[in-house]
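A.B. asks: Sequence and predicted model, in that order:
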Amino acid sequence: MTHDDGFVEYICELLLPLGQAQGRPMFGGYGVYLDGLMIGLVIDGGCFLKADDLSKHEFLKAGCEPFVYHGQEKPITMNYWTVPAEALESEREMERWARLAIAAAERKANAKKLEQKAEPRRARR
């Protein structure tokens, strides 16, 4: 069991009032899912929640930072942000941030569905 194993369990407990929370191993960390929707990451001892152009300003205002990993040629910044320390201390505080992450993840999922519908179908021969 790694440090992240116990931490992801704790994060899932904080999220339980919002739905079925689960951590799934991925890329040396965990994806955090709420009712099957990926809303966050737990990696390197940190918790990062999904954000997008509509919500990242809230994370910025709170002094949160994006998840950055080192790609082959340069650092890659992802749309997952740390949460304020208070959010890691109570379900009530986590709820606000998790709701932002849920909304961002749902917007992304809906945009993908629209893109798939808009793609022209290939003609069969």
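C.D. replies: Okay, I see it.
A.B. asks: which secondary structure elements does the longest helix seen in the chain contact?
C.D. replies: In the chain, taking DSSP state H as the definition, the longest helix is helix 91-118. If you count contacts as 3 or more CB pairs under 8 Å, 6 or more residues apart in numbering; DSSP states H and E, helix 91-118 packs onto helix 3-15, strand 37-43, strand 46-50, helix 56-61. In this view, the C-beta of every residue, glycine as well, is placed from N, C-alpha and C.
A.B. asks: Quick check: which of those is buried the most?
C.D. replies: Comparing the helices and strands packed on helix 91-118 by mean neighbour count (mean count of other CB atoms under 10 Å), strand 46-50 ranks first with a mean of 24.
A.B. asks: From the contact counts, what lies against that one?
C.D. replies: Other helices and strands packing on strand 46-50, by 3+ CB pairs under 8 Å, 6+ apart, are strand 37-43, strand 66-70, strand 75-82, helix 91-118.
A.B. asks: what would these look like in a markdown table with distance to Leu54 and mean pLDDT?
C.D. replies: Formatted as a markdown table, the helices and strands packed on strand 46-50 follow (distance: least, CB to CB, whole Å; pLDDT from 0 to 100):
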| stretch | distance to Leu54 | mean pLDDT |
| --- | --- | --- |
| strand 37-43 | 15 | 96 |
| strand 66-70 | 15 | 94 |
| strand 75-82 | 11 | 96 |
| helix 91-118 | 7 | 89 |
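A.B. asks: Nearest to Pro17 among the ones you listed would be which one?
C.D. replies: With CB to CB, the closest approach to Pro17 among the helices and strands packed on strand 46-50 belongs to helix 91-118: 5.3 Å.
A.B. asks: Now do the buried residues in the closest one.
C.D. replies: Glu93, Met94, Trp97, Ala98, Leu100, Ala101, Ile102, Ala103, Ala104, Ala105 (16 or more other CB atoms under 10 Å).
A.B. asks: quick one: pLDDT of the nearest residue to Asp35 once chain neighbours are set aside?
C.D. replies: Closest residue to Asp35 apart from its sequence neighbours, by CB to CB, 6 or more residues apart in numbering: Gly19 at 4.1 Å. Looking at Gly19, its pLDDT reads 95.
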